[in-house]
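Student: Need coordinates for the following:
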Amino acid sequence: MIALTHLPSPFMAACQRTYVPAEAINLELARRQHADYCRALADCGAQVRTLDVNSAYPDCTFIEDTAIVLDEVAILCPMGTDSRRAEAAGVESVLRDYRDVVKIDLPATLEGGDVLRVGRRLLVGLSSRTNAAGITALAAVASRHGYDVRAVSVLDCLHLKTACSALPDGRLLINRNWIDVSPLGGFELVYAPHAESWGANVALIGETVLAAAAHSQTNEFIRRHGFTTITIDLSEFAKAEGGVTCLSLLL
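Tutor: Now for the predicted structure:
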């Protein structure tokens, strides 16, 4: 597995926030936490490639949103806010080292944080950042490669993967208050502890679960289900409305 990451921008304090209040971000701490994150990816067996092509953009470290990378193709995303749309062009040349690249155009909007792949199924959040046209455009590309696309309404958080991610056995870890679970028929659902609203955002690196250290109850819950879990302190990224999945593009 290859993990593309991006260094935090020196302008990260000006990042977009939608559902969290503005807090001061310690840039030096963010840089150390990002380095720890990259080491954790490597410890899980990923080959990590860290970019610094979009440093002028405050949200650039949340590289997941720029593209959706399938086995067959990489799909560049027309992101949901004007301030982020140039980021996709910055990573395009890197993605072309690994995949053919296709682009989705406005007025469709689509962000990678809204797309959860489980086998050959793509669950796609209908959110403040991804619109119905974006989901339709993604389905048009993905269906050519045998993927089934299913829309899931996102209620009170930024992206689908803020509130829904997959465990190694295919079960979905969710915050039931932040998404409409009715389109998730056929999946076994497990629920993050109520006290940790953000705990459902975890990343899979092979069979290892990568999780934010702040969500201790959720992490213990995952371990009790028999999964190996590595935790990382991502406090500064949480202030920017980011989580574990946001910080990498996994190929």
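
Student: can you give me the helices for the stretch 1-150 of the chain?
Tutor: 27-43, 87-95, 132-142 (DSSP state H, counting those that start in this stretch).

Student: now the ones you listed in a markdown table, with mean neighbour count and distance to residue 250?
Tutor: Glycine gets a C-beta too; all of them are placed from N, C-alpha and C. Converted to a markdown table, the helices of the stretch 1-150 of the chain look like this (neighbours: other Cβ atoms under 10 Å; distance: least, Cβ to Cβ, whole Å):
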| stretch | mean neighbour count | distance to residue 250 |
| --- | --- | --- |
| helix 27-43 | 17 | 9 |
| helix 87-95 | 19 | 12 |
| helix 132-142 | 19 | 17 |
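
Student: So which of these is nearest residue 1?
Tutor: helix 27-43 (8.6 Å; Cβ to Cβ).

Student: Which elements pack onto the closest one?
Tutor: strand 2-6, strand 47-51, strand 229-232, helix 235-239 (3 or more Cβ pairs under 8 Å, 6 or more residues apart in numbering; DSSP states H and E).

Student: rerun that using 6 Å as the cut-off
Tutor: Packing contacts for helix 27-43, counted by 3 or more Cβ pairs under 6 Å, 6 or more residues apart in numbering; DSSP states H and E, involve strand 47-51, strand 229-232, helix 235-239.

Student: To residue 81, which of these lies closest?
Tutor: Nearest to residue 81, of these and by Cβ to Cβ, is helix 235-239 at 17.5 Å.

Student: rewinding a little: turn the helices of the stretch 1-150 of the chain into a markdown table, columns for mean pLDDT and distance to residue 226.
Tutor: A markdown table is the format used below for those (pLDDT from 0 to 100; distance: least, Cβ to Cβ, whole Å):
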| stretch | mean pLDDT | distance to residue 226 |
| --- | --- | --- |
| helix 27-43 | 97 | 20 |
| helix 87-95 | 96 | 34 |
| helix 132-142 | 98 | 31 |
